[in-house]
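K.L.:
Predicted model, plus sequence, below.
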Amino acid sequence: MNQQDMMVKDECILVDKDDTIVGHSSKQFSHEFSSANPRGLLHRAFSVFLFDLEGRLLLQQRAKDKITFPLVWTNTCCSHPLYGFTPSEVDNPDDISNETVPGIKNAAIRKLEHELGIDSKLLNHSDIKFLTRLHYWAADVVTHGADSPWGEHEIDYILFIQKKVHLQINPEEVQDTRYVTPDELQSMMSPTSGLLWSPWFRIIAEQFLVHWWSNLRTTISTRQFVDVATIHRFDPSTEHMGGKGKAGPWLGRAISPYESQTDGRSDAAKIGNAALKQGSYGKVQIHKHSMLTQLSHVDEVFAALWLTYGAPLPNKADLKDADRRFCDDMLNKVSRSFAAVIRQLPTSLCMDVLIFYLALRALDTIEDDMVAFKDTPEVKIAHLQSFYRTGLVTDGWSMQGVGEGDEKVLLEQYSRCVSVFKSLSVGSQEIISDITMRMGAGMASYVEQDLGQGCVDVEAYNLYCHYVAGLVGEGLSRLFTSSGYETDRVAAVSRTLANTMGLFLQKTNIIRDYLEDYVDGRTFWPQSIWKTYALTSDLGEFAHPHARERALACLNHLITDALQCAQGALEYMSLLQTEEVFRFCAIPQVMAIATLAELYDNPMVFSGVVKIRKGMAAQLLLDTKSTGGLHKWFNIFARQILKRVPPSDPNAAKTRKVCEEIIALTDRNAQMAIAGNYAQALSVVASIAIVVTAYLVFAVDLLHQEGRFSLQPGLFSVFSSPSSGSNSKLISAAVLVCCVLYIFGYSIVSAGRKGLHRAD
């Protein structure tokens, strides 16, 4: 059909202002502006924004034979879903609310092939990201004059695609095409360029596209900019008002939906906030528990208050000079969770581990930066391989322009860490240097690997975890032993059980950071696992609602794999003898299994970073100071996962088995720890009872006899009134004796219990 045929025969889908379908009409009648219909008939449309793999946007110039808005430049493809097509291009409210819009996507695939020759067989619904809807109108007065009978009045569905495609332009539809960067688009849209632009695209580009494009991977792979509930409405610029229907202002001025009501800055401006680390510096949503949920756990609230004001973990770091104070401050900024457990280590070990951590954090920052070395991977490799003999030990060494936020500051002022490193014992320096060398070499081996879709297989996944976490476990074990706080038994397992402990932590982080890593273009989920659950070759598929069931099955598979490291971690912990060292190792392990329990079968993993409750974290910090506390929490979280295993989950049997093994391994110590908690609570009650009964037995009577206490009707009068006789006093005395005996017995049992010893 030619353009006129399509205007007559194609049937647009008519809707009301809420996008409810009210009928259908020819494309011609839908686009006619008249005194009866000043803006034509409101109908559905779509706008495709197709990007290449480099992030450039494909623009098209509409053909000169187009009836409406000929020769204008606009986004990749603008058209309409039509009534009466097979497959259907009509979407119902459920299709919109669940973000699938299959009808709109069918129409987009049809028109991309019709206009640009993009093979429809190469485009899947999963390739197309539906963001939101825009309601606008515009009279084509630039082409057809002030009394133009033509225009657009649409509720437009915004669709994003990033894919390598082959174009074969249909000259009846498209005059020209061009891939552009944001800067090139800005130059083309300059008034001095002389180019015509579709009125809708100009407003979309200024108010919406600037935010979506600046964070393209976030936009396509997350729900950061998805808004299916809102229909954003705006009038065209005044030059596109009028027409045969003399239409004037109606919907209002276009205002970016990303403007903050408090400070006028857009959300896009806040993306990349250097104050945020977890969540890819703000590119990915962080799923925190609501304040109400936090407050509903009274025991956790008490733990948080006690940790803050009653019994905060001590800081045993020797901060005798400015450089050491800088290192201590940076530790708190780059990792608050590890800062607490590092600082409570024995004084003669604390600074060694602190510098070890900062050295590895600096190395990790170089590895993680996907921008600074984008075009020079060989430079990144050289830095990783040589850090142990350059950055780690060279006076005045620093690195500029790498990393974000506090990590960037750490590299810029790393020379201050060097001076502290050189003050450590020779043995500690050798251990830190050796691990840094081996970790840098391991990281370097992954730089030029394509990790956009994860590791190739489980072996590569485990090897990466070994390089970035297993080696840390080895280095720490050697530091514990060389400092004299742990025995040679710990050094003997530095490459076995310590490695397993590191894998447990790193796998937990990789599972939790699914979306953050995907947005950064560097993922680690093993393909040999996730591709068994995906329908496409894109790991980002799991972020889409239609893949929810398969995504959860894959998630549960990886969590089950991580849980298999738990027994090795617990075995390693059984070798430790120093309380401070035990807490340093145990708290991250407990946090890891708590995180896995939070992540298990949780769909929020695919829309952001899931975190445990802050109160729970405080409770774990306080409670994990002995084998009993460690086993108690492993037992509790294993039971939580076990209860939530879906019967239909493909790995249900394996998950149950590993959880039951953890429960069996920890049950005895866990039950003893729980009993100990009750005994401790009862000792507090007994102490209060001693004070009260002693007062009732002795003090009240004495004060009454001396005339210094006048009894009023109530509790105390029972114990001194003539009618009560000596029975009440006898009961009080018995309670007093029982409580004293309980406290005495509890003290003897607690003192005689074999456990960890404190270093300081």
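P.N.:
Structure received.
K.L.:
When you work out contacts or count neighbours from here on, use the C-alpha atoms and nothing else.
P.N.:
OK.
K.L.:
ok, now how distant is residue 299 from residue 620?
P.N.:
11 Å (Cα to Cα, to the nearest Å).
K.L.:
Repeat that for residue 155.
P.N.:
For residue 155 relative to residue 620 (Cα to Cα), the value is 51 Å.
K.L.:
So for these two, which residue has more residues nearby?
P.N.:
residue 155 (26 against 22; other Cα atoms under 10 Å).
K.L.:
In contact with the more buried one: list those residues for me.
P.N.:
19, 42-46, 133-136, 231 (Cα atoms under 8 Å, 6 or more residues apart in numbering).
K.L.:
Kindly report the same for residue 19.
P.N.:
So residue 19 contacts 44, 155 (Cα under 8 Å, 6+ apart).
K.L.:
quick one, phi psi at it?
P.N.:
phi 70, psi 20 (degrees, to the nearest 10).
K.L.:
Residue 371: how many residues sit nearby?
P.N.:
The burial count for residue 371: 12, using other Cα under 10 Å.
K.L.:
Helix, strand, or coil at it?
P.N.:
Put simply, residue 371 is coil when judged by DSSP: H, G, I helix; E, B strand; the rest coil.
K.L.:
Which parts of the protein are strands?
P.N.:
Applying DSSP state E to the chain gives strands spanning 11-15, 21-26, 43-51, 57-62, 73-74, 77-79, 129-139, 151-162, 174-180, 231-234, 286-287, 609-610.
K.L.:
Can you give the distance from the third one to the centre of its chain?
P.N.:
In this view, strand 43-51 has its centroid 29 Å away from the chain centroid, taken as Cα atoms, centre = their mean, to the nearest Å.
K.L.:
where's the spatially most central residue of the chain relative to residue 517, distance?
P.N.:
The residue lying closest to the centre of the chain (Cα atoms, centre = their mean) is residue 609, at 1.9 Å. Counting by Cα to Cα, the separation of residue 609 from residue 517 is 10 Å.
K.L.:
picking up where we left off before, got a pLDDT number for the residue nearest to the centre of the chain?
P.N.:
Reported pLDDT at residue 609 in the predicted model: 86.
K.L.:
That one contacts residue 518, doesn't it?
P.N.:
No: between residue 609 and residue 518 no contact is recorded; they are 11.9 Å apart, counting by Cα atoms under 8 Å.
K.L.:
residues near the closest residue to residue 97 other than its chain neighbours, how many?
P.N.:
Among residues not flanking residue 97 along the chain, residue 228 sits closest, at 6.1 Å (Cα to Cα, 6 or more residues apart in numbering). Residues contacting residue 228 under the criterion other Cα under 10 Å number 15.
K.L.:
when you give positions from now on, start the count at 422
P.N.:
All set: I'll call the first residue 422, so the last point we hit is now residue 649.
K.L.:
correct me, but residue 649 touches residue 521?
P.N.:
No: under the criterion of Cα under 8 Å, residue 649 is not in contact with residue 521, lying 10.4 Å apart.
K.L.:
Would you convert the strands of the chain into TSV that also reports distance to residue 1053?
P.N.:
Shown next, in TSV, are these (distance: least, Cα to Cα, whole Å):
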stretch	distance to residue 1053
strand 432-436	59
strand 442-447	58
strand 464-472	51
strand 478-483	55
strand 494-495	62
strand 498-500	59
strand 550-560	45
strand 572-583	48
strand 595-601	58
strand 652-655	51
strand 707-708	26
strand 1030-1031	23
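K.L.:
Could you tell me the least trusted of those?
P.N.:
Within the strands of the chain, the stretch with the lowest mean pLDDT is strand 707-708, showing a mean of 76.
K.L.:
In its sheet, which strands sit next to it, and in what direction?
P.N.:
Pairing partners of strand 707-708, with direction, according to DSSP bridges: strand 1030-1031 (parallel).
K.L.:
what about the helices in the stretch 522-671 of the chain?
P.N.:
523-537, 562-565, 603-609, 620-625, 631-635, 637-642 (DSSP state H, counting those that start in this stretch).
K.L.:
let me redo that: the stretch 1022-1171 of the chain
P.N.:
1035-1044, 1048-1064, 1073-1115, 1121-1126, 1136-1139, 1148-1173.
K.L.:
Lovely, talk soon.
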